[in-house]
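K.L.:
Here you go, sequence then predicted model.
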Amino acid sequence: MKLLQLIQNKRISLIVGLSLLSGVTACQPPSDKAIPSGTTSASVKAEKPPSTPSLAEAKTPKALTTALVALSEDTLTEQLICTKLHDSINAIDNKSKIENIHSIQRQIQACLPTASNAEILQWLADYQAMYQRFLQFDNPTDSAAFFTVMSHVEQGKKITVAKLKQVNPRVRYLIGLVMSRSDVSVRYLGEGDFEFHHDLTAMADIFSPYLPDDQSAFIQRMAKDNQAIFWFDAAIAFSFEALVERAVFWEDFIKRYPKSRFYTDAKALLNTYRYLLFFGSENTQWTDDDIRKFDNPVDEQLMRQLAKRNDSELAQDVQKFFTFMQQSNTERQQRYPVPDKDENGHKINQWEVAHYQLDKALEIPSPWKEDNKDCSTGILCIDSKIE
């Protein structure tokens with residue numbers, strides 16, 4: 001009974017300690033990558049003799065007592081927080097309040113300095129999924145009223161109380177977070193669709209100081225690129241200049257960090273931007289239909305600069321692209337004959353001929369044929385088959 005009472009007392013101390021944690025705002029954790037030694041008791045683990053079992057390894061009351069004695073109170077508090085952190089994060093849903101998020105942030109901040117890389121990455125994945133759950137809401141019963149209210153919020157316009165009453169309570173609560181600048185914003189996705197979105201930079205800033213350089217660079221770049229929407233009505237939602245810059249970044253990343261844990265995701269991102277550079281999307285094209293000239297001369301200059309990069313697959317692709325643009329219809333047909341139907345059995349229309357031939361000339365596979373990850377919404381790529 002004394003042992004159980006000791007554990008209960010430690011847990012009470014944990015709860016009180018969490019309520020007193022300070023120095024972490026709702027959105028901004030410390031940004032210094034180096035953590036000064038001795039600044040917090042949680043940053044130093046008490047050393048135990050090799051024969052002393054850890055708290056998690058203790059199987060008997062005697063072993064548990066020995067493990068408890070070997071731990072400092074601060075270390076015990078830290079372990080009690082951190083061993084339950086995964087469950088605490090996953091308990092947050094679309095009925096939770098922002099205060100629950102703040103509590104999670106304080107717990108994460110207490111655990112990060114002494115966590116392993118595997119633990120940090122798991123908490124990061126949990127945290128990203130947590131915010132996706134937290135910002136969900138039921139489909140509106142009055143679509144017109146919802147569109148009006150969300151449009152006003154997205155544009156920073158004032159909303160009357162009468163208008164707010166036309167949307168459901170959860171939407172009203174999330175709008176309140178937007179108004180109070182709690183790292184939540186509204187994004188218009190096109191076709192009358194809106195979403196609440198978390199500040200990805202704030203998310204990355206919590207974890208990046210405790211990650212290796214490659215992982216930190218990865219999530220910071222993802223936060224930058226995915227803070228705004230990727231697609232808008234089947235069109236690419238950012239400029240051609242930004243597209244070139246992103247492709248160059250990921251090509252450089254995989255060269256600099258060939259053994260990175262995120263190498264595969266970085267390669268997938270490069271392949272995506274590489275494909276979009278030359279083929280655009282359903283509602284975004286950079287050239288005329290015959291692929292003979294750019295719609296914007298500035299885009300052509302960017303591509304010519306890209307073609308000059310050394311030791312670059314992107315540069316080689318651009319050089320092939322310019323060669324293709326200069327070929328006559330006859331030469332194209334000789335090099336890349338066009339059948340009546342494509343590989344899927346669909347008839348190839350006249351306006352599709354040039355793009356079919358370009359596909360054969362560049363031999364750049366579509367990133368969506370075998371892709372099963374979504375790298376366009378968060379700071380980590382997620383399985384696109386998971387809702």
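P.N.:
That came through fine.

K.L.:
How many neighbouring residues does Glu336 have?
P.N.:
Quick fix: residue 336 reads Tyr, not Glu. 17 (other C-beta atoms under 10 Å). In short, each C-beta sits where N, CA and C put it, glycine included.

K.L.:
ok, now how distant is it from Arg221?
P.N.:
Distance of Tyr336 to Arg221, computed by C-beta to C-beta, to the nearest Å: 36 Å.

K.L.:
How about Ser376?
P.N.:
Distance from Ser376 to Arg221, by C-beta to C-beta: 13 Å.

K.L.:
swap in Ile348?
P.N.:
38 Å.

K.L.:
so where do the helices sit in the stretch 201-350 of the chain?
P.N.:
Along the stretch 201-350 of the chain, counting by DSSP state H, counting those that start in this stretch, helices occupy 213-226, 240-256, 263-279, 297-306, 313-326, 329-335.

K.L.:
helices and strands around the third one, which ones?
P.N.:
In this structure, helix 263-279 packs against helix 240-256, helix 313-326, helix 353-362, with contacts taken as 3 or more C-beta pairs under 8 Å, 6 or more residues apart in numbering; DSSP states H and E.

K.L.:
before we move on, what about the fifth one?
P.N.:
Using 3+ C-beta pairs under 8 Å, 6+ apart, the elements in contact with helix 313-326 are helix 240-256, helix 263-279, helix 297-306, helix 353-362.

K.L.:
closest one to Ala67 among the ones you listed?
P.N.:
With C-beta to C-beta, the closest approach to Ala67 among the helices and strands packed on helix 313-326 belongs to helix 263-279: 38.8 Å.

K.L.:
where does Thr148 fall, helix, sheet strand or coil?
P.N.:
helix (DSSP: H, G, I helix; E, B strand; the rest coil).

K.L.:
Quick check: chain neighbours aside, which residue is closest to it?
P.N.:
Spatially, and ignoring its direct neighbours in sequence, Thr148 is nearest to Lys163 (6.6 Å; C-beta to C-beta, 6 or more residues apart in numbering).

K.L.:
Spit out the contact partners of the one you found.
P.N.:
Ala145, Thr148, Val149, His152 (C-beta atoms under 8 Å, 6 or more residues apart in numbering).

K.L.:
Top of these by number of neighbours, please.
P.N.:
Result: Val149 is most packed of those (other C-beta under 10 Å), 25 neighbours.

K.L.:
Format the helices and strands packed on helix 263-279 as CSV; extra columns: distance to Ile101.
P.N.:
Converted to CSV, the helices and strands packed on helix 263-279 look like this (distance: least, C-beta to C-beta, whole Å):
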stretch, distance to Ile101
helix 240-256, 30
helix 313-326, 40
helix 353-362, 46
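
K.L.:
low pLDDT regions in the stretch 101-250 of the chain?
P.N.:
For the stretch 101-250 of the chain, applying pLDDT under 70 flags no range at all.

K.L.:
Fine by me, thanks again.
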